[in-house]
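1. Here is my input; please provide its structure:
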Amino acid sequence: MLSLFRRDPEQGWHYREAWYDESAGEFVVHHGKVGTNGKITAEKASAEEADALVESFAAQCAEDGYAEPAAEELGTLTVAYPLKGAEPNASERRNANSVHEAVLVALAWRGLGALSDPEQQPREGGGQALVMTSQTVRTRKAVDAAQSAIKHTDVPLSKVEITR
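-> From the prediction side, this is the model:
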């Protein structure tokens, strides 16, 4: 997937993403203002055509001022599901996966970044957690999207730690 951004001083961040969906045989473009649901278009293409379409997409984006954001423009969103013991039990793993799926979708549809898979890590205050991270140009909007997404799962928001 190719994800590119442009910052407009008056209108904020905008994004354009493109990828080839092998299973559907489609070249997909997703774009919009960061933090709001984007628009998606798809056209039938073969795997061979997809390479040329990605190159064309990248060239058009560069011409329009879209690029990968600089490291200093990115913030980190961290979503952690604390564990009761040293290893996750089946319920904790299911809950972390439910949170992961909901937050991943919420961030992706709004151009707020991808979310890493849950990874077991030690917590600052002791203990362990299943931790997911995302690099984003709008951390506050990413936090809001993550909180909203978790509220629509069967996992209480109070059981999840979200930091930026």
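
2. can you give me the helices in this structure?
-> Under the criterion DSSP state H, helices of the chain are mapped to 47-63, 90-109, 139-151.

3. hmm, who's touching the longest one?
-> Helix 90-109 has contacts (C-beta atoms under 8 Å, 6 or more residues apart in numbering) with 37-38, 77, 79, 81, 83-84, 88, 112-115, 117-118, 130, 132, 134, 136, 142, 145-146, 148-150, 152-155, 159-160. C-beta coordinates here come from the backbone N, C-alpha and C atoms, glycine included.

4. can you check the last one too?
-> Counting contacts by C-beta under 8 Å, 6+ apart, the residues outside helix 139-151 that touch it are 34-35, 75-77, 79, 99, 102-103, 105-107, 110, 112-113, 134, 136, 157, 160, 162, 164.

5. go again using 6 Å as the cut-off
-> Contacts made with helix 139-151 from outside it, assessed by C-beta atoms under 6 Å, 6 or more residues apart in numbering, are listed as 35, 75, 77, 79, 99, 102-103, 106-107, 110, 112, 136, 157, 160, 162, 164.

6. circling back to that earlier point, in strands only, show me the contacts of helix 90-109.
-> Among the contacts of helix 90-109, the subset assigned to strands under DSSP state E consists of Leu77, Val79, Tyr81, Leu130, Met132, Ser134, Thr136.

7. Can you give me the buried ones in stretch 82-93?
-> Pro82, Leu83, Pro88, Glu92, Arg93 (16 or more other C-beta atoms under 10 Å).

8. Then stretch 55-70?
-> Buried residues in stretch 55-70 (16+ other C-beta under 10 Å): Phe57, Ala58, Cys61, Tyr66, Pro69.

9. Convert that stretch to PDB, retaining C-alpha atoms only.
-> C-alpha atoms of stretch 55-70 as PDB (Å, rounded to 0.1, in the frame of the first residue of the first chain):
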ATOM      1  CA  GLU A  55       3.700   4.300 -10.600                       C
ATOM      2  CA  SER A  56       1.200   6.600 -12.300                       C
ATOM      3  CA  PHE A  57      -0.600   7.200  -9.000                       C
ATOM      4  CA  ALA A  58       2.700   8.100  -7.300                       C
ATOM      5  CA  ALA A  59       3.700  10.500 -10.100                       C
ATOM      6  CA  GLN A  60       0.300  12.300  -9.900                       C
ATOM      7  CA  CYS A  61       0.500  12.500  -6.100                       C
ATOM      8  CA  ALA A  62       4.100  14.000  -6.300                       C
ATOM      9  CA  GLU A  63       2.800  16.500  -8.900                       C
ATOM     10  CA  ASP A  64       0.000  17.500  -6.500                       C
ATOM     11  CA  GLY A  65       2.300  17.900  -3.500                       C
ATOM     12  CA  TYR A  66       1.600  14.600  -1.700                       C
ATOM     13  CA  ALA A  67       4.600  12.800  -0.100                       C
ATOM     14  CA  GLU A  68       5.400  10.700   2.900                       C
ATOM     15  CA  PRO A  69       5.300  12.800   6.000                       C
ATOM     16  CA  ALA A  70       8.600  13.700   7.700                       C
END
